[in-house]
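Peer 1: quick one, fold the following:
(one chain, ligands or ions: 1)
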Amino acid sequence: MGKITIAIDGYSSTGKSTIAKQLAKALDYVYVDTGAMYRAVTLFAMQEGFIGGDKDDLEGLVHALSKVELKFVYNKSLGFSEMYLNGENVEQQIRTLAVSQQVSKVATIEKVRLKLVGMQKEMGKKKGVVMDGRDIGTVVFPNAEFKIFMTASPETRAFRRYKELLDKGEEVSYKEVLKNVQTRDYIDSHREFSPLKKADDAIEFDNSDMGLKEQLERIYNFALRKIEGN
Ligand code: DC
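Peer 2: Now for the predicted structure:
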């Protein structure tokens, strides 16, 4: 059976990566977390002092982009790929609230997007890929055979993210996580270059009141139909 491209977009903390990982595993496809790429560039920008200080130097960041080498390395025991920035495993560091608070700003920069979108197109060119992000169905793979747009209420999403951060030992309040979710929603959907929006041919999936098992069953069945019809 021919392989297809599966694009999963949506707001932050809608569980895109959870369903994308499960779906990739069930179909034996490659999973690509494009948010991790924007997060790794953000970590680089913080480490080099381009952002996070008194004044941002986004132009400086753009000039330094050629020094950013990103790679996904598959971790067999975890069952998914981890993000490496210039040879270092940064999987933990890119998931902190500090990075989340800066990442939307970095994702507005056109040159950053051009670099990462180019890499993403390359990674998915053989199909058999499940890619999640904000612009996968609209910009990276506008011809993807199966597009999903995930939504859930801001409160549901903030609570999920809050629990995740607490489990990892980060000291955060629900209020600041909710604020981060709302701020990112706004910036992601109002930026000039490839803002977050539902592709016309994407199916919208609200999982506010849905368990993971039901969600996987439904989306997996959708995917099978798309693959069979391909
Ligand atoms: O999915 P995530 O929360 O890890 O994404 C982090 C940020 O990266 C998010 O606020 C918006 C940005 N992003 C983007 O602009 N385009 C993508 N394809 C993926 C993420």
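Peer 1: how about the residues of the chain near the ligand?
Peer 2: By Cβ under 6 Å from any ligand atom, the residues of the chain that approach the ligand are 12, 34-35, 38-39, 103-104, 107, 133-135, 184, 188. All C-beta spots, glycine's among them, are computed from the backbone N, C-alpha and C.
Peer 1: any chance of those residues in JSON lines, plus distance to Asp54?
Peer 2: Shown next, in JSON lines, are these (distance: Cβ to Cβ, whole Å):
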{"residue": "Ser12", "distance to Asp54": "27"}
{"residue": "Thr34", "distance to Asp54": "30"}
{"residue": "Gly35", "distance to Asp54": "27"}
{"residue": "Tyr38", "distance to Asp54": "23"}
{"residue": "Arg39", "distance to Asp54": "23"}
{"residue": "Val103", "distance to Asp54": "19"}
{"residue": "Ser104", "distance to Asp54": "20"}
{"residue": "Ala107", "distance to Asp54": "22"}
{"residue": "Gly133", "distance to Asp54": "31"}
{"residue": "Arg134", "distance to Asp54": "29"}
{"residue": "Asp135", "distance to Asp54": "31"}
{"residue": "Arg184", "distance to Asp54": "23"}
{"residue": "Asp188", "distance to Asp54": "25"}
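Peer 1: please tell me which one of those residues counts the most neighbours.
Peer 2: Of all the residues of the chain next to the ligand, Gly133 has the most neighbours under the rule other Cβ atoms under 10 Å, reaching 29 neighbours.
Peer 1: contacting residues for the closest residue to that residue other than its chain neighbours?
Peer 2: Ranked by Cβ to Cβ, 6 or more residues apart in numbering and with sequence neighbours excluded, the top spatial neighbour of Gly133 is Thr34, at 3.6 Å. Counting by Cβ atoms under 8 Å, 6 or more residues apart in numbering, Thr34 touches 116, 120, 131-134, 136, 140.
Peer 1: the residues you listed in strands, which ones?
Peer 2: Secondary structure of these is defined by DSSP state E; positions in strands are 131-133.
Peer 1: in the chain, which spans are strands?
Peer 2: For the chain, the strands defined by DSSP E occupy 5-10, 30-33, 70-75, 80-85, 88-89, 129-133, 146-151, 203-206.
Peer 1: need the ones you listed in CSV (columns: mean pLDDT).
Peer 2: Below are the strands of the chain laid out as CSV (pLDDT from 0 to 100):
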stretch, mean pLDDT
strand 5-10, 97
strand 30-33, 95
strand 70-75, 96
strand 80-85, 95
strand 88-89, 98
strand 129-133, 97
strand 146-151, 96
strand 203-206, 94
